[in-house]
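Student: just the structure for this:
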Amino acid sequence: MRKPLAIVLLAIFVAMIPSVLPAQEQQLVMQALKQIIPSAPEGHVDYDFANGTAHGTNVFVQYGNASLTADSADMNWQTGEVKADGHVRIEEGQQVWAGEHIRYNLKTRQMQSEEFRTGKPPVFAQGVHLTGDTSNQVYVAQHAYVTTDDVSEPAVRVRSTHIKIVPGKYVEMWNAVLYLDGVPTFYFPYYRRQLGPRANNFNFLPGYRNAYGPFLLSTYTWYLNDAVDGKIHVDYRESRGLGTGPDVNLNLGRWGEANIKYYYLHDEKPDNSTNGTPWTEGIANDRQRVYFGYQATPATNLNVKALVNYQSDPLVLHDFFLSSYANNPQPYSFTEVNKYGNNWSVDALTTPQVNNFFDQIERLPEVQLTGHRQQLLNTPVYYDSSSSAGYYRAYFADTNGPAPLGYSAMRVDSFQQLLLPETFFGWLNVTPRVGGRYTYYGSEIGPGGTNTAANRWVFNTGGEVSFKLSRLWTGATNSLLAVDGLRHVIEPSATYAYVPTPNKTPSQVPQFDTQLPCPELLPIQFPDYNDIDAIDSENVLSFGLRNTFQTKRAGQVENLFDCNVRLDWRLNPNPGQNTLNDLFSSISFRPRTWALLNSQLRYDINGDALNMAFNQLTLTPGERWSWGIGHYYLRNGFLGNGADLITSTLFFRMSDNWGVRATHKINVYTGQLQEQMYTLYRDMRSWTGALSLRYMDNGSGPMDFTVAFTFSLKAAPKTPLGQEAISPYHLVGE
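Tutor: Next comes the predicted model:
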């Protein structure tokens, strides 16, 4: 048994010569391993203490964070140099080097190798005649290649006659050739690639759309450094023309982050919108989009935000950036500065008109001081407030016919409120409140102005009552619903709000912050209700009830069932209002961790009609398949045009390399399949590819048909994992 003896001798040697070896050199360890590869003989180490050398077979060498294993090795204790042969493997941090014959100095980090392999996911390299220094992280080799495949025969690689490697940062190659499955496909006199997730890369998306003809969308992603990166888009659509533009991302440290996007297209057919309906006034050939986003926290409790969305016409997003259009068809622009204190905050907001074809309320600017709820001295009384002042302009676009005339005015508003929260019997929460609001309006200016200067006074009072009850059944179990213990929590509440008729009704003051239709019930208490110019008399009692059932799954508390119900009882309804407002419910049911049912309903009790329904069932039992099916209903006239849609998204992984996703949207009103999209996924080891087909029937114009193929390197994916489930339109170039 030579291995224990070798370790003992090494320990004695290190202990006896502390004056010969510095403290750092004492970390140099060489020992024999039982085996490195199966069936290999047991290793051993022979020490020559007089010359400070050692020779071993099947050895392991450790020095700091660097380690070496090999079939055999000769090491010099004084210089730290190791000559290793056979299955040599060097690990330093996350970087790995491998070869058959490597000379490596553990102290100076100098390395020489005839043949080598190295890698740090997601980039690997192989070549000959390697020399380098791991201290300054620079290596030079000849006849080498770089790949993202961690296999002996990579399908995709770039080979060159001369290569420079800086691990974790970049590689530089001269006389480089791109090989796909062994076939040379492209030549680069000089090639440089960033390593890691911030690597420069190209992405191409070819396809066909009947609104575009054949198209090719190209994106070059570049990274200058940690402060600057971006993308360059060059797109060609056969029937629409050439589109191009850059994206730039700036990381300015304490001064925040900025995102700048510009896109220009000389549209050959600008009047042919992809929704099949020509624009009534015509659209110019030169179509463009400018986006600027900025966010920073330059000082403690100081936030700065800015957003600019410029469009040359109202349909440029719809026609070429459908993902952005789906998120917000009428994006707006603003600049906002927030300063926060312990009990207050100051907010300055500007919302200028950037696009004259959208309705806009301009704030030029608005400054608001908010006093957060705080205790008054040592009394049980609490106080909150909100005061604002600004100059406002209402602009109405005439894109859909004659529009109301615009107007502008000054407004100063101040709201103050006192609250007295108390808890009775240890469980009953009661919070009465009383407050007042004063608002000054300047005379309306502009062609649509009709109201003169006015002073409005508003008084409000009311209160809230709530309590919570719970019960625990520790022994409750159910295998079907995966119940391991059960807790029931019930929270009834009642809120009362009373506002007598103000001295100025909404029709007598400018409408800047006015009440807009909303799928959910609006709050009845101030300052949660913040439609300042729409304030009218109010005498409302709002009832709420929350029921929650919780259980334990995988050691975590999880909501099995959660239901919120609310109903407003108007004791003195205004003209056009019913005594009972709609009944609103929000339900979440999770029978298993991988199954979730969400439901929101709004029911008109007076008219015995369902105003809104949204139901969504999501099943994700594993990586093999997932399915989401939903139903959205909106009664015609409730919030404009009605809707009755059924949506379905099914994903199925057929094998480790193949998968398919099918998405459908059915219009129940018309019985038509409004949208269908199918995507076939292929995992090609180094690459991932997706072939997508989409049909859209908007009820006007021809069917919108698109087929596209997208692919990207796994090491530098085009989109984050799972992004297509949230926004699938990028698969077809939108």
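Student: show me where the stretch 401-550 of the chain has its strands.
Tutor: Taking DSSP state E, counting those that start in this stretch as the test, the strands found in the stretch 401-550 of the chain are 407-419, 422-424, 428-441, 454-466, 469-478, 483-499, 538-553.
Student: for the ones you listed, which one sits closest to residue 191?
Tutor: Among these, strand 538-553 comes nearest to residue 191, with 51.0 Å by C-beta to C-beta. Glycine gets a C-beta too; all of them are placed from N, C-alpha and C.
Student: on that earlier part again, for residue 178, which of the strands of the stretch 401-550 of the chain is the nearest?
Tutor: strand 538-553 (49.3 Å).
Student: from residue 93, how far off is residue 120?
Tutor: 8 Å (C-beta to C-beta, to the nearest Å).
Student: neighbour-wise, which of these two wins?
Tutor: residue 120 (15 against 11; other C-beta atoms under 10 Å).
Student: show me how the protein divides into domains.
Tutor: Residue ranges for the domains of the chain, per automatic domain parsing: 1-108, 114-196, 359-592, 620-734.
Student: can you lay out those domains as a markdown table showing mean pLDDT?
Tutor: A markdown table is the format used below for these (pLDDT from 0 to 100):
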| stretch | mean pLDDT |
| --- | --- |
| domain 1-108 | 71 |
| domain 114-196 | 77 |
| domain 359-592 | 93 |
| domain 620-734 | 83 |
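Student: go through the ones you listed and name the closest to residue 287.
Tutor: Comparing the domains of the chain by C-beta to C-beta, domain 620-734 comes nearest, at 14.8 Å.
Student: okay but residue 175 is in contact with residue 159, surely?
Tutor: No - using C-beta atoms under 8 Å, residue 175 makes no contact with residue 159, being 9.0 Å away.
Student: who has more neighbours, those two?
Tutor: The neighbour comparison of residue 175 against residue 159 (other C-beta under 10 Å) goes to residue 159, with 19 against 14.
Student: one step back: tell me which of the strands of the stretch 401-550 of the chain sits nearest to residue 357.
Tutor: The nearest among the strands of the stretch 401-550 of the chain, by C-beta to C-beta, is strand 407-419 at 18.9 Å.
Student: tell me the buried residues in the closest one?
Tutor: Of all the residues in strand 407-419, those buried under the rule 16 or more other C-beta atoms under 10 Å are 407, 408, 409, 410, 411, 413, 415, 417, 418, 419.
Student: tell me the one of the residues you listed nearest residue 550?
Tutor: residue 419 (30.7 Å).
Student: distance check, the closest one against residue 470.
Tutor: Taking C-beta to C-beta, one finds residue 419 at 26 Å from residue 470.
Student: now residue 687. Nearest residue, chain neighbours left out?
Tutor: residue 711 (5.5 Å; C-beta to C-beta, 6 or more residues apart in numbering).
Student: same check, this time on residue 413
Tutor: Per C-beta to C-beta, 6+ apart, closest to residue 413 is residue 439, 4.5 Å.
Student: who's the one you found bridged to?
Tutor: Beta-bridge partners of residue 439, counted by DSSP bridges, are residue 413, residue 456.
Student: residues contacting it?
Tutor: 411, 412, 413, 414, 455, 456, 458, 509, 532 (C-beta atoms under 8 Å, 6 or more residues apart in numbering).
Student: how far away is it from residue 504?
Tutor: Distance from residue 439 to residue 504, by C-beta to C-beta: 8 Å.
Student: who touches both of those two?
Tutor: 455, 456.
Student: convert stretch 666-680 to CSV, retaining C-alpha atoms only.
Tutor: In CSV, the C-alpha atoms belonging to stretch 666-680 read as follows (Å, rounded to 0.1, in the frame of the first residue of the first chain):
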residue,chain,number,x,y,z
ILE,A,666,-61.7,31.1,-32.5
ASN,A,667,-64.2,33.9,-32.8
VAL,A,668,-67.4,32.4,-31.4
TYR,A,669,-69.5,35.4,-32.7
THR,A,670,-68.7,34.7,-36.3
GLY,A,671,-67.7,31.0,-36.0
GLN,A,672,-64.5,31.7,-37.8
LEU,A,673,-61.0,30.5,-36.9
GLN,A,674,-59.6,33.9,-36.5
GLU,A,675,-55.9,32.9,-36.0
GLN,A,676,-54.0,29.7,-36.2
MET,A,677,-50.3,29.2,-35.8
TYR,A,678,-48.2,26.0,-35.9
THR,A,679,-44.5,25.7,-35.0
LEU,A,680,-42.3,22.7,-35.5
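Student: who touches that stretch?
Tutor: Residues contacting stretch 666-680 (C-beta under 8 Å, 6+ apart): 642-647, 658-665, 690-699, 724, 728, 731-732.
Student: now, which of those residues lie within strands?
Tutor: Among the contacts of stretch 666-680, the residues falling in strands (DSSP state E) are 643-647, 658-665, 690-696.
Student: of these, grab the buried ones for PyMOL.
Tutor: To isolate the buried members of these in PyMOL, using 16+ other C-beta under 10 Å:
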select buried, resi 643+644+645+646+647+659+661+663+664+665+690+691+692+694+696
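Student: what about residue 511, neighbour count?
Tutor: By other C-beta under 10 Å, 17 other residues sit near residue 511.
Student: tell me how far it lies from residue 540.
Tutor: From residue 511 to residue 540 the distance is 22 Å (C-beta to C-beta).
Student: what's the answer for residue 139, then?
Tutor: Taken as C-beta to C-beta, the span from residue 139 to residue 540 is 74 Å.
Student: with residue 268 instead?
Tutor: Distance from residue 268 to residue 540, by C-beta to C-beta: 57 Å.
Student: between those two, which is the more surrounded one?
Tutor: Neighbour totals were compared for residue 268 and residue 540, and residue 540 leads with 20 against 14 (other C-beta under 10 Å).
Student: that one contacts residue 496, doesn't it?
Tutor: Yes - using C-beta under 8 Å, residue 540 is in contact with residue 496, at 7.3 Å.
Student: could you find the closest non-adjacent residue to residue 543?
Tutor: Residue 543 sits nearest to residue 567 (C-beta to C-beta, 6+ apart), 5.2 Å away.
Student: let me see the contact set for the one you found.
Tutor: 542, 543, 580, 581, 583, 584, 605.
Student: buried subset of the residues you listed as a ChimeraX selection?
Tutor: The buried subset of the contacts of residue 567, as determined by 16+ other C-beta under 10 Å, is captured in ChimeraX by this line:
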select :542,581,583,584
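Student: now, which of the contacts of residue 567 lie within helices?
Tutor: The members of the contacts of residue 567 all map outside helices under DSSP state H.
Student: can I get the contacts of residue 567 in CSV with distance to residue 163?
Tutor: Rendered in CSV, the data for the contacts of residue 567 read as follows (distance: C-beta to C-beta, whole Å):
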residue, distance to residue 163
542, 71
543, 73
580, 76
581, 72
583, 70
584, 65
605, 75
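Student: between the contacts of residue 567, which is closest to residue 312?
Tutor: Nearest member of the contacts of residue 567 to residue 312, counting by C-beta to C-beta, is residue 584, at 40.6 Å.
Student: spit out the contact partners of residue 491.
Tutor: Applying C-beta under 8 Å, 6+ apart, the residues contacting residue 491 are 466, 467, 468, 469, 544, 545, 546, 548.
Student: switch to 6 Å and redo it
Tutor: 468, 546 (C-beta atoms under 6 Å, 6 or more residues apart in numbering).
Student: what do you get for the one 3 residues further on?
Tutor: Listed by C-beta under 6 Å, 6+ apart, the contact partners of residue 494 are 465, 543.
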